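J.: model the structure of this input:
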Amino acid sequence: MLRTCFGDTMQTRRLWAVLCLTVLMGPLIGSLTVPPSDYIRLENNVQILPDGQTLTIPEQDGWGWIVDERPWWERSALDQDRNKVHDSLQESHFITGIGISYGADVNQGHLAQLEQMGLRVVDVIESVDAVLLGMLNTSIVGELAALDDVVMVERYGEIHLYGDIQTPAVKARNSTLYPGAWDLGVSGDGVVVAMVDTGVDNEHPGLSEKFVAGYDAVCFVHTDPTCVLAGGRVEDGSYDPDDGNQHGTACMGMAAATGIDANGEQTDFYGAAPDAALVDVRIGTDAGAGPFENYLLSQEFYESAMNGLQWIIDHKDDAWAGAEESEYGIDIISLSWGITSHEAGGSDGSDMHSRILDEAMIAGVVVSVAAGNDGPDNDGLSGMGSSDLSVTVGATDDINTIDREDDTIAGYSSRGPRRDNADGNPLNELKPEVTAPGTNIIQAEACVTSGTCNNFLGGDASDNGYTGRGSGTSYATPAVSGVMAMMIEANPDLSPAEIKEILKLTAERRGGPSAPDVDPFWNRDFGFGMVDAYAAVSMAFDLKYQGLTGEVDVTTQVHITETNTSNGITTVTGLAWGQVSAVSSVEYRIDGGEWTSATFDEGAETLGAFARFNWSVALDTSKLLEGNRTVEVRAINAEGVQSLMVATTVMGGWDGQHESEEFGFQEVIMVGLAIALLVLALVILLGGDGDEYDAKNATYVPPTIEEEVLDAIIEPEEGGETSG
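T.: Numbers count the residues shown, from 1 in each chain. Below you'll find the predicted structure:
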């Protein structure tokens with residue numbers, strides 16, 4: 001090689017020596033990872049303070065929002081003229097479903113007033129202090145508004161059902177592309193999902209042995225023919241509703257099917273949480289609309305829905321007969337349908353059907369609800385999906401692949417934001433929260449769809465399999481319900497608010513910010529991103545093992561935006577801000593060690609409401625033990641309560657055999673090799689003017705430089721290159 005490189009003449013030899021020296025020295029010089037000089041090394045000897053950074057956190061003033069203390073009815077967007085009547089009820093005189101909301105608990109005096117007016121009370125919805133009155137002429141709304149303690153006369157909404165790849169695509173089941181939450185040892189075992197829908201045929205092979213309780217809310221009004229014949233239904237949870245429509249069975253399959261087929265074979269048509277249990281709450285019938293199997297009395301569908309949700313809240317802690325103790329109560333409400341608003345601009349979350357979902361969340365039952373199928377030009381979101389506190393789910397199109405890189409927002413998925421409810425909190429309007437695959441999803445086959453099966457004639461779905469593909473936010477929602485079930489199995493003490501925030505924080509970001517003044521990540525199509533079951537379950541476990549469940553402030557925000565390595569320094573950067581109070585500090589730790597302050601931009605201006613500030617952690621990784629090192633970051637609010645933690649991985653470079661100073665052992669070796677090459681080149685350049693170089697006696701073994709390469713986004717990858 002040297003003969004070829006250096007040539008035979010003195011002039012040629014010198015020219016080639018210079019060229020070879022350049023080639024050989026380049027990688028060596030590039031491998032010298034000497035930290036830059038414009039920094040201060042901090043006390044732990046690992047973190048450095050780069051030029052332009054300070055340990056003083058930016059001053060924050062006017063954080064959060066100005067809360068409007070008025071009660072919801074005095075600022076509702078559904079009553080613009082503030083006369084305590086939904087605006088759509090005043091357009092003309094017509095017959096429609098009407099309910100009234102009170103500003104106090106509904107009592108016998110209130111009911112007596114209604115009876116004196118000759119009105120029939122259909123149902124009392126205690127959680128939202130409301131009474132359902134059925135079909136009435138709108139000419140009566142003024143009289144109703146004048147009754148004692150009435151704060152709003154409301155119009156019933158219209159209920160609509162939003163009707164192999166999905167489960168691995170949300171990272172529930174593992175695949176060749178992604179790790180799955182199942183790999184963490186969770187599958188929804190011991191977690192109870194209330195599927196509120198058209199009923200569930202739990203005799204299906206993939207849903208068998210899941211049923212622990214049920215309730216037929218359709219029959220509380222006793223007008224469905226089957227209800228009349230049966231004399232009504234019991235309310236203790238012992239009744240097992242059937243599904244004559246297909247929608248409810250399909251949705252439960254997407255949440256929790258085991259994938260078992262009618263022949264007993266295992267298929268790939270799993271739900272996200274295949275070991276979750278079922279509470280079957282039937283609020284719709286075979287037509288998916290309401291009693292009498294048609295839309296003529298759709299107001300009864302609305303009444304059934306409200307009654308069913310109230311039943312769940314009333315029975316959320318029940319010990320179901322015959323169930324194991326781990327399957328008592330109700331943990332999750334899954335709603336694959338919505339209630340459209342009659343008001344222009346959609347719902348602002350102040351209608352009774354949105355407020356009852358807020359009450360369920362406050363009561364400790366987490367709610368997953370469909371955003372709707374009105375597409376990108378929707379006139380606001382429907383009720384249910386507009387609930388302040390619930391997790392509203394949009395749908396993606398996974399293009400029938402597990403790979404998430406090609407996923408797009410589904411054309412039918414309703415976009416945000418929600419209509420402003422004038423409470424001063426702009427965060428409520430950031431709907432949907434997350435998205436999940438909802439397009440062309442294989443369904444568990446209910447009795448009604450098999451052709452020869454009929455629930456009313458004693459048939460069931462025990463011989464059915466998986467059929468037809470369906471699309472809609474209906475089908476994205478139960479996938480998220482299944483992810484919630486795995487999170488609760490991982491950490492049973494998680495609150496609904498913590499579950500919601502974890503889903504948002506761990507979601508895979510998509511699209512640019514649609515409301516950057518409020519949040520730098522929320523997008524009107526994808527919400528805070530595509531749900532990531534593996535990351536969400538991992539964070540649920542982390543909270544449990546670190547004893548932080550119930551101890552975090554979900555309104556204090558900290559996010560990692562970038563991790564990069566240059567000149568031997570790995571820098572982790574991100575954003576932090578407070579939604580309701582100031583951030584007093586941002587801290588990091590390495591591999592569970594001591595918490596240490598991050599650094600901040602010098603000269604940062606005083607921050608106002610929702611203003612974010614940059615933080616940074618610059619690490620000399622030659623001071624860290626070799627291998628992957630986990631860097632966790634948290635923010636602390638003004639009261640000393642921490643945020644959820646975020647984490648990234650960096651690559652340590654210390655082998656544990658020596659104390660690395662400004663120049664470590666590796667650097668000394670590299671410099672020595674560089675000097676040796678320089679001497680060799682000089683010998684060649686200054687050697688004899690005609691002597692032939694004896695290549696046979698020359699031996700040169702180039703150094704091998706092993707270089708660790710950091711993947712700054714997910715996990716480090718190891719690679720090496722050899723120069724010579």
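
J.: got the CA positions of the host helix or strand of residue 483 in PDB?
T.: Assigned by DSSP states H and E, residue 483 belongs to helix 473-490. Extracted as PDB, the C-alpha positions of helix 473-490 are listed here (Å, rounded to 0.1, in the frame of the first residue of the first chain):
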ATOM      1  CA  THR A 473     -64.200   8.100  15.300                       C
ATOM      2  CA  SER A 474     -66.500   5.400  16.800                       C
ATOM      3  CA  TYR A 475     -63.700   2.900  16.200                       C
ATOM      4  CA  ALA A 476     -60.800   5.100  17.300                       C
ATOM      5  CA  THR A 477     -62.400   5.800  20.700                       C
ATOM      6  CA  PRO A 478     -62.500   2.200  22.000                       C
ATOM      7  CA  ALA A 479     -58.800   1.700  21.100                       C
ATOM      8  CA  VAL A 480     -58.100   4.600  23.400                       C
ATOM      9  CA  SER A 481     -60.400   3.100  26.000                       C
ATOM     10  CA  GLY A 482     -58.200   0.000  25.800                       C
ATOM     11  CA  VAL A 483     -55.100   2.000  26.300                       C
ATOM     12  CA  MET A 484     -56.700   3.600  29.400                       C
ATOM     13  CA  ALA A 485     -57.400   0.100  30.700                       C
ATOM     14  CA  MET A 486     -53.700  -0.900  30.400                       C
ATOM     15  CA  MET A 487     -52.700   2.300  32.100                       C
ATOM     16  CA  ILE A 488     -55.100   1.600  35.000                       C
ATOM     17  CA  GLU A 489     -53.800  -2.000  35.300                       C
ATOM     18  CA  ALA A 490     -50.200  -0.600  35.500                       C
END
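
J.: list the contacts for residue 217?
T.: 281, 282, 283, 304, 305, 307, 308, 311 (CB atoms under 8 Å, 6 or more residues apart in numbering). Where C-beta positions appear, they are placed from N, C-alpha and C, glycine not excepted.

J.: you'd agree the last one is in a strand?
T.: No: secondary structure of residue 311 (DSSP: H, G, I helix; E, B strand; the rest coil): helix, not part of a strand.

J.: and it, how many residues sit next to it?
T.: 22 (other CB atoms under 10 Å).

J.: now it: how far from residue 326?
T.: Going from residue 311 to residue 326 by CB to CB, to the nearest Å gives 22 Å.

J.: can you give me the strands in the stretch 501-650 of the chain?
T.: Using DSSP state E, counting those that start in this stretch, the strands of the stretch 501-650 of the chain run over residues 556-566, 569-578, 583-590, 596-597, 599-601, 613-620, 627-637, 646-652.

J.: closest to residue 142 out of these?
T.: strand 569-578 (45.3 Å; CB to CB).

J.: run the chain-centre distance for that closest one.
T.: 21 Å (CA atoms, centre = their mean, to the nearest Å).

J.: other SSEs contacting it?
T.: Other helices and strands packing on strand 569-578, by 3 or more CB pairs under 8 Å, 6 or more residues apart in numbering; DSSP states H and E, are strand 47-50, strand 556-566, strand 583-590, strand 613-620, strand 627-637, strand 646-652.

J.: what does the third one rub up against?
T.: This points to strand 583-590. Residues contacting strand 583-590 (CB under 8 Å, 6+ apart): 46, 57, 60, 556, 558, 572, 576-577, 595-598, 600, 613, 615, 617, 619, 624, 629-638, 640.

J.: only whichever of those residues are buried, select them in PyMOL.
T.: Those of the contacts of strand 583-590 that count as buried under 16 or more other CB atoms under 10 Å are selected in PyMOL with:
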select buried, resi 46+57+60+556+558+572+576+577+596+597+598+600+613+615+617+619+624+629+631+632+633+634+635+636+637
